[in-house]
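1. Dropping the sequence and predicted coords here.
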Amino acid sequence: MHGGTTPLPTSTCQYVRLTFPPSFFSSSPLGSRALHSVCDPTPISGFRHSPMAAGSSSSVPSDPLLRDELDIVIPTARNLDFLEAWRPFFQPYHLIIVQDGNSKNTISVPGGFDYELYDRNDIDRILGPRAARISFKDSACRCFGYLVSKKKYIFTVDDDCFVAKDPSGKQINALEQHIRNLLTPSTPFFFNTLYDPYRLGADFVRGYPFSLREGSPTAVSHGLWLNVPDYDAPTQLVKPNERNTRYVDAVLTVPKGAFFPMSGMNLAFNRELIGQAMYFGLTDDSQPNVRYDDMWAAWCVKVICDHMGFGVKTGLPYIWNSKARTPLVNLRKEHEGIYWQEDIVHFFQSVTLSKTSVTVQECYIELSQQVREKLGKVDAYFIKLADAMMTWIEAWNELNPSEN
């Protein structure tokens, strides 16, 4: 593990303060309590924590929202020059960088960021034999960052995603919007036709039951993308030049019982609520289903959120996805997943969790048993995946004993 705060570059960058209007909290059932969540900032034993050097960033406020309660997790195999575009929004926060690919390659991080960097050697050293369950050579390795984080919230973003602009031309602070989404309740049990009633300028419409207006805790905030859409390979082949230019100013709660395709490139979640279910599949050179790691996590998370009474939001914020993947390469990675998807979705639509599963971990263990029993008949891969789900829980318990 490599950590540090590299010196600030000579040029300075104006910091955009994360602020909410007073009405934002006064209109939320959480009220100002949302600002006073407690987390344990103690680093994992044996890890070297590298705080921001004192006085190194005079342009950054000393109290950005949730700075001590949120980690930004970035999977990468390249230099992180893209962070310069995000500097006004990311610099106050701690970064956990997970390197996929060859550990001999050196990852360069721009100056002024507080970060930890883990490569494959670090993962092997920390997890031992369990490290084989953390995917290698793809972005699914990001879930290792979820394991080692000690923060309440996680925001994860891909290294080819940049700051988008809204229709007025203003840069979108994706992190701020994710925080808004997570700190306000969700409405999974009854759909509100004005979408998120906790947003400024919105409310519950006539006919919405008063008994449900307190909402449910929000576990996941799923953001979208401008420019390159996150299509599967067959759709890419049919529409190779299509770009998403539609900005929809809306946040929706995914209803209970409904599933959704969750992309890991612009995602935030409450780690304390749902982190133990955020395992990004079993995918590497020796395993199929490479581009379904985040989808697998989505299906597991949604089943458990529905069972536990948590909410999942999707919509804002947007980021700018700059990289169009090669459709034929993606097709080679996706083809088994595309065939299996119908069986997988049917499984998740019909799965039920017992009343005795009252924690996320108990739900996830029970779900892994059902994956083995039912999806194991589809292909032996799912037996390995069920084993990997159990190994993930073992690793979580070892690195996070206080959360069990």
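-> Received the coordinates, thanks.
2. Look at residue 194 and give its secondary structure.
-> State at residue 194, reduced to three classes by DSSP: H, G, I helix; E, B strand; the rest coil: coil.
3. Once you drop chain neighbours, what's closest to it?
-> If you skip the residues right next to it in sequence, residue 194 has residue 202 as its closest partner in space, 4.9 Å away by Cβ to Cβ, 6 or more residues apart in numbering. For the C-beta atoms, the positions are set from N, CA and C on the backbone; glycine is no exception.
4. tell me, how many neighbours does that neighbour end up with?
-> 15 (other Cβ atoms under 10 Å).
5. Could you give the backbone dihedrals for it?
-> Note on residue 202: backbone dihedrals following degrees, to the nearest 10 are phi -120, psi 170.
6. hang on, it packs against residue 196?
-> Yes: counting by Cβ atoms under 8 Å, residue 202 touches residue 196, with 6.3 Å between them.
7. after the helix or strand bottoming out on mean pLDDT in the chain comes which helix or strand?
-> Between all helices and strands in the chain, the lowest mean by mean pLDDT, DSSP states H and E belongs to helix 22-26, at a mean of 39. Of the helices and strands lying after helix 22-26 in sequence (DSSP states H and E), the nearest is strand 70-76.
8. Determine the set of other helices and strands touching the next helix or strand after that following strand.
-> Secondary structure here is assigned by DSSP H and E; on that basis, the next helix or strand after strand 70-76 toward the C-terminus is helix 83-90. Using 3 or more Cβ pairs under 8 Å, 6 or more residues apart in numbering; DSSP states H and E as the contact criterion, the secondary-structure elements in contact with helix 83-90 are strand 161-163, helix 174-183.
9. got TSV for the ones you listed, with mean pLDDT too?
-> Compiled in TSV, those are given as follows (pLDDT from 0 to 100):
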stretch	mean pLDDT
strand 161-163	98
helix 174-183	98
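10. OK, contacts around the residue nearest to residue 194?
-> With contacts taken as Cβ atoms under 8 Å, 6 or more residues apart in numbering, residue 202 has the following neighbours: 194, 195, 196.
11. Ok, residue 196 next?
-> Residue 196 makes contacts with 181, 184, 187, 202, 250, 251, 252, 253, 313, 315, as judged by Cβ under 8 Å, 6+ apart.
12. Buried subset of the residues you listed, written for ChimeraX?
-> In ChimeraX, the members of these classed as buried (16 or more other Cβ atoms under 10 Å) are selected with the following command:
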select :181,184,187,251,252,253,313,315
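13. The contacts of residue 196 in helices, which ones?
-> Per DSSP state H, helices hold the following members of the contacts of residue 196: residue 181.
14. could you dump the contacts of residue 196 to a markdown table with distance to residue 362?
-> Converted to a markdown table, the contacts of residue 196 look like this (distance: Cβ to Cβ, whole Å):
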| residue | distance to residue 362 |
| --- | --- |
| 181 | 26 |
| 184 | 27 |
| 187 | 26 |
| 202 | 36 |
| 250 | 34 |
| 251 | 30 |
| 252 | 29 |
| 253 | 24 |
| 313 | 25 |
| 315 | 31 |
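15. Between all of the contacts of residue 196, which two are separated the most?
-> The largest separation in the contacts of residue 196, counting by Cβ to Cβ, is between 184 and 250 at 14.2 Å.
16. Okay, helices next: where are they in the protein?
-> Going by DSSP H, the chain shows helices at 22-26, 83-90, 120-127, 143-148, 174-183, 233-238, 271-274, 293-308, 327-350, 360-374, 381-399.
17. mean pLDDT lowest for which of the ones you listed?
-> Mean pLDDT per stretch puts helix 22-26 lowest among these, at a mean of 39.
18. related to what we said a few turns ago, looking at the helices and strands packed on helix 83-90, which is buried most?
-> When neighbours are counted by mean count of other Cβ atoms under 10 Å, the highest per-stretch mean among the helices and strands packed on helix 83-90 falls to helix 174-183, a mean of 24.
19. Give me the contacts around it.
-> 18, 20, 24, 28, 30, 34, 65-66, 70, 72, 89-90, 93, 153, 155, 157, 163-164, 196, 199, 218, 221, 223, 251, 266, 268-270, 313, 316-319.
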